[in-house]
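**Q** below are the sequence and a predicted model for it; my questions follow.
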Amino acid sequence: MKRILVAGLWTSFIIIGGVSSVLAAPPAYIDPNTGGMLAQVLIVLFGMLTGVWFFFANRIKMSFNRMMRSFREKKGGPVTQEITAADAPQENNLQ
């Protein structure tokens, strides 16, 4: 019982000390243009990530499908084969 009381007092002391130190800190000054700078950086990062995604989309999908197929094979489940259509013969339009 004594341990519980001592632990509760220490926990209360830590919580009260933490809350009082947070409330005692002066509010920080944030420059008005900080949001604009942050938006510029985030827009560029978003554009780069979407560009990478569109450029490597097929490779990312193939890698994901290959990884999922290997997980299915390890489980011993049925493996589905992808069916690809044969290329249609090209017509020669030379006249």
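**A** Looks like it came in fine.

**Q** where does this structure dip in pLDDT?
**A** Residue ranges of the chain with pLDDT under 70: 1, 21-28, 30, 77-95.

**Q** next, Phe56: phi, psi?
**A** Main-chain dihedrals, Phe56, degrees, to the nearest 10: phi -110, psi 20.

**Q** neighbours around it, how many?
**A** 12 (other Cβ atoms under 10 Å). All C-beta atoms are positioned from the backbone trio N, CA, C, and that covers glycine.

**Q** ok, Arg69 next?
**A** Counted with other Cβ under 10 Å, Arg69 comes out at 14.

**Q** tell me the SS of it?
**A** For Arg69, the assignment made with DSSP: H, G, I helix; E, B strand; the rest coil gives helix.

**Q** could you measure from it over to Ser63?
**A** Arg69 sits 11 Å away from Ser63, going by Cβ to Cβ, to the nearest Å.

**Q** and what of Ile14?
**A** With Cβ to Cβ as the criterion, Ile14 and Ser63 are 48 Å apart.
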